[in-house]
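Asks: Curious how this folds, go ahead:
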Amino acid sequence: MNVSSVSSTSSNSYTSGNDSDVKQLLNRIKQLESQIETETQSKDDDKTKQEKIQLLRVQIT
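Replies: The predicted structure follows:
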């Protein structure tokens, strides 16, 4: 039974680490989406906008 308890605890720690990583990635995606929105409304010419937006989208994928 001790092995099961240790295994369970180890598994929970691993899951918690993943949750933190997922939250960080989701926050980063939100930041990039915000930057895309800002760039969409910028006064740059269309070609420059598209280039900047494409660079931001690549970071999301």
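Asks: and Q41, backbone torsions?
Replies: The phi and psi torsions at Q41 (degrees, to the nearest 10) take the values phi -90, psi 0.
Asks: And S42, by the same measure?
Replies: phi -70, psi 170.
Asks: And E33, by the same measure?
Replies: phi -60, psi -40.
Asks: Okay, now the unreliable bits of the protein?
Replies: Counting by pLDDT under 70, the ranges of the chain that qualify are 1-17.
Asks: Quick check: the gap between the spatially most central residue of the chain and L32.
Replies: For the chain, the residue nearest the mean C-alpha position is L25 (2.4 Å; CA atoms, centre = their mean). L25 sits at a distance of 11 Å from L32 (criterion: CB to CB, to the nearest Å). (C-beta placed from N, C-alpha, C; glycine too.)
Asks: what does T38 give?
Replies: 11 Å.
Asks: Do I have it right that L56 meets L32?
Replies: Yes - if you go by CB atoms under 8 Å, L56 and L32 touch, sitting 5.2 Å apart.
Asks: what's the spacing between stretch 35-52 and its chain's center?
Replies: 21 Å (CA atoms, centre = their mean, to the nearest Å).
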